[in-house]
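Undergrad: Here you go, sequence then predicted model.
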Amino acid sequence: MISKRIIPCLDIKAGQTVKGTNFINLRSAGDPIELGQLYSDQGADELVYLDITASFEGRKTFTELVKKVAANISIPFTVGGGIHEIGDVDRLLNAGADKVSINSSAIKNPNLINDIAKHFGSQVCVVAIDAKKRPNGWKCFLNGGRIETDKELFSWAKEANDRGAGEILFTSMDHDGVKNGFANEPLARLSSTLSIPIIASGGAGKMEHFKDVFIEGKADVALAASVFHFGEIQIPKLKQYLCNEGINIRL
């Protein structure tokens, strides 16, 4: 059985780690290199670095930061934000990233998923989806949650899967930063309909939420930010708790 994974997510703005609630009210959470080293030492399975204003501001992901991260940590990491073409992917992989996460650019140009999978392999391509529940279903959003689209969560995730994505990173905007638990119902539906791993994001507040997302949400990976950044949950204790609860996790 494949081990479940724990991934701290570092949202980057102006070179600093930040965290908000429901995608707004950002506050500083510390130096991204130092946090990355800490999580690596604590036993995190991977890291995700997201340049959260890159798409909105129309600039490239901060390549120099990626080089520094690669030089200072020993676990795989994914980089996202402002990736629009194969050249961006090549630049970030050469800087030391293991995977790239695409969100807005994938919705605008779905063929980018095919191109990344073809050039670098599906394992490099993480398709991130920010979605919010509406009266007519789960709708996907662009540009860090600023623009609603007509894309529907489950059909878009299936298309991304079929185009060659290696993983889906689903963030429920309604659950983001609220700490009341992950969106387990849509996560379980994604897991049952897709053939690739699902990364759950948005809602972690206590250790039980991680257990629930693996059992009820059937997620392959649990991603969280503020509970790790502000010391509310320590990764070694979380992993030991999950192991004690019967979750297959790498200690």
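TA: Alright, I've got the coordinates.

Undergrad: what are the ranges of the helices in this protein?
TA: 32-42, 54-57, 63-72, 86-95, 104-108, 111-120, 153-163, 184-193, 207-215, 226-229, 235-244 (DSSP state H).

Undergrad: so what does the first one touch, helix or strand wise?
TA: Right, the one you point to is helix 32-42. For helix 32-42, the packing partners by 3 or more Cβ pairs under 8 Å, 6 or more residues apart in numbering; DSSP states H and E come out as strand 5-13, strand 16-21, strand 47-51, helix 63-72, helix 235-244. For every residue, glycine as well, the C-beta is placed using N, CA and C.

Undergrad: average pLDDT across the last one?
TA: Going back to what we said before, that points to helix 235-244. The average pLDDT for helix 235-244 rounds to 98.

Undergrad: go on, the first one?
TA: The predicted model gives strand 5-13 an average pLDDT of 92.

Undergrad: strands paired with that strand, and their directions?
TA: Strand 5-13 pairs in its sheet with strand 16-21 (antiparallel), strand 47-51 (parallel), strand 221-224 (parallel), by DSSP bridges.

Undergrad: Single out the most deeply packed of the helices of the chain.
TA: Comparing the helices of the chain by mean neighbour count (mean count of other Cβ atoms under 10 Å), helix 226-229 comes out on top with a mean of 23.

Undergrad: just how off-centre is that one within its chain?
TA: Helix 226-229 has its C-alpha centroid displaced from the chain centroid by 14 Å (Cα atoms, centre = their mean, to the nearest Å).

Undergrad: from here on, count from 11
TA: In the new count, where the first residue is 11, that last one comes out as helix 236-239.

Undergrad: what's in contact with it?
TA: 18, 20, 27, 29, 39-40, 45, 49, 187, 189, 214-216, 242-243, 245 (Cβ atoms under 8 Å, 6 or more residues apart in numbering).

Undergrad: Can you tell me who the spatially most central residue of the chain pairs with across the strands?
TA: The residue lying closest to the centre of the chain (Cα atoms, centre = their mean) is Leu179, at 4.9 Å. Beta-bridge pairing of Leu179 under DSSP bridges involves Ala138, Ile209.

Undergrad: wait, it sits on Asp140?
TA: No - applying Cβ atoms under 8 Å as the test, Leu179 and Asp140 come out as separate, 9.2 Å apart.

Undergrad: what about Pro145, neighbour count?
TA: Pro145 is flanked by 5 other residues according to other Cβ atoms under 10 Å.

Undergrad: Give me the phi and psi for it.
TA: Phi and psi for Pro145, reported as degrees, to the nearest 10, are phi -60, psi -30.

Undergrad: repeat for Gly256
TA: Dihedral angles (degrees, to the nearest 10) for Gly256: phi 90, psi 10.

Undergrad: The helices of the chain: which one's closest to Trp148?
TA: The minimum distance between Trp148 and these falls on helix 163-173, with 3.6 Å, by Cβ to Cβ.

Undergrad: That closest one - what's its average pLDDT?
TA: For helix 163-173, the mean confidence score works out to 98.

Undergrad: for stretch 111-126, same thing?
TA: Here the average pLDDT along stretch 111-126 is 96.

Undergrad: how much distance is there from it to the middle of the chain?
TA: So, by Cα atoms, centre = their mean, the centroid of stretch 111-126 is 15 Å from its chain's centroid.

Undergrad: Just the C-alphas of it, formatted as CSV.
TA: What follows is stretch 111-126, C-alpha atoms only, in CSV (Å, rounded to 0.1, in the frame of the first residue of the first chain):
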residue,chain,number,x,y,z
SER,A,111,1.8,23.3,-10.1
ILE,A,112,-0.4,25.0,-12.7
ASN,A,113,-3.8,26.4,-12.0
SER,A,114,-5.0,29.6,-13.9
SER,A,115,-2.8,28.8,-16.9
ALA,A,116,-4.2,25.3,-17.2
ILE,A,117,-7.8,26.5,-17.3
LYS,A,118,-6.9,29.1,-19.9
ASN,A,119,-4.8,26.7,-22.0
PRO,A,120,-5.6,23.1,-21.1
ASN,A,121,-3.1,21.9,-23.7
LEU,A,122,-0.4,23.0,-21.4
ILE,A,123,-1.1,19.9,-19.3
ASN,A,124,-0.5,17.7,-22.3
ASP,A,125,2.7,19.6,-23.2
ILE,A,126,4.2,19.3,-19.7
